[in-house]
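Visitor: return atomic coordinates for the entry below.
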Amino acid sequence: MKINNRAALLSALVFPGMGQIYKGDKIKGVILIMLVNAFLLAAVFMILKYAVPLMLTPGTEGKQDVKQIIDSLYNKRPAFKVILSFSCALWLYGWIDAAVDKSRRE
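Guide: Okay, the predicted model is just below:
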């Protein structure tokens, strides 16, 4: 079976881990999917944990308050930077790994 590299790349770009599954590395693909989703969920929960109380305070409205929420998350919470960095690094790894031909790796 001939593997289409373009299909694997597009699959990995849209959903990290799908390119690996498409190319036959099912275990690596499932692990990558689980890791990326865990980091993205952690980022979403962190946003909800720190942004919702700021949004519910009286008198918050407009672009300035959104900027305050983003600055609060990004500058005062170093874990948020780490989580997003790992998520982006895993996404990039999945895309590059899907681009590499399996016959070259062996």
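Visitor: which helix in this protein has the most residues?
Guide: In the chain, assigned by DSSP state H, the helix with the most residues is helix 26-56.
Visitor: tell me the mean pLDDT for it?
Guide: For helix 26-56, mean pLDDT is 82.
Visitor: residue closest to the middle of this structure?
Guide: With distances taken as C-alpha atoms, centre = their mean, the residue of the chain nearest its centroid is Ser87 (3.9 Å).
Visitor: my read: that one touches Phe39, true?
Guide: Yes - if you go by C-beta atoms under 8 Å, Ser87 and Phe39 touch, sitting 3.8 Å apart. The way it works is simple: take the backbone N, C-alpha and C, and place the C-beta from them, glycine included.
Visitor: which strands and helices lie in contact with the longest helix of the chain?
Guide: Where contact means 3 or more C-beta pairs under 8 Å, 6 or more residues apart in numbering; DSSP states H and E, helix 26-56 is packed against helix 18-23, helix 63-76, helix 78-99.
Visitor: quick one, the longest one and helix 26-56 angle?
Guide: Spelled out, it's helix 78-99. Using axes from the mean of the first three to the mean of the last three C-alpha atoms, to 10 degrees, the direction of helix 78-99 lies 150 degrees away from that of helix 26-56.
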